[in-house]
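1. quick one: sequence and predicted model below, then my questions.
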Amino acid sequence: MKMIWAIIRPESAQKVIKALDAAGIGGMTRLHVTGHGKEMGITLGAVHYSEIPKELLLIVVPDSDVARTVLIIRSEAKSGQKTGSGEGSIGDGKIFITYVEDTFAIRTAGKTGNPQNP
């Protein structure tokens with residue numbers, strides 16, 4: 001299993017969640033976060049904002065669903081030109097993928113983890 005960490009624009013979050021739900025990829029955590037990437041914030045007039053609001057989606061999926069999940073997130077969170085190989089805009093976000101060794105249900109105290117590693 002893998003955990004996908006998707007940091008995206010707040011205005012893209014609902015589109016991404018809706019597309020993932022439609023694809024049968026459910027069960028996620030959504031957090032409101034702030035930060036900046038290479039652009040180091042944004043300047044509007046005389047005011048510089050060093051931290052920009054973002055949304056963080058945490059999604060755990062089987063290894064077989066990682067590529068499909070990432071494709072959905074990328075296509076729905078990308079701003080600007082969405083056809084062909086066109087690039088989005090600076091600040092569209094970033095996706096990180098990490099390995100999940102085990103998971104446990106709090107309610108039942110049962111292991112819900114990786115079927116490949118029972």
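-> Cool, got the structure. Numbering: from 1, shown residues only.
2. how near is L57 to I4?
-> Distance check for L57 against I4: by CB to CB, to the nearest Å, it reads 8 Å. Backbone N, C-alpha and C define where each C-beta goes, glycine included.
3. spit out the residues that contact these two alike.
-> Here L57 and I4 have I73 as joint contacts, going by CB atoms under 8 Å, 6 or more residues apart in numbering.
4. what strands line up against the worst-scoring helix or strand of the chain on mean pLDDT, and which way round?
-> In the chain, the helix or strand scored least confidently by mean pLDDT, DSSP states H and E is strand 42-44, which has a mean of 83. Here strand 42-44 is paired, per DSSP bridges, with strand 47-49 (antiparallel).
5. got the buried residues for the strand it pairs with?
-> Using 16 or more other CB atoms under 10 Å as the test for burial, strand 47-49 gives no buried residues.
6. so how far is the helix or strand following it from its chain's centroid?
-> In the C-terminal direction, the helix or strand that comes right after strand 47-49 (DSSP states H and E) is strand 52-61. Distance of strand 52-61 from the chain centroid (CA atoms, centre = their mean, to the nearest Å) equals 4 Å.
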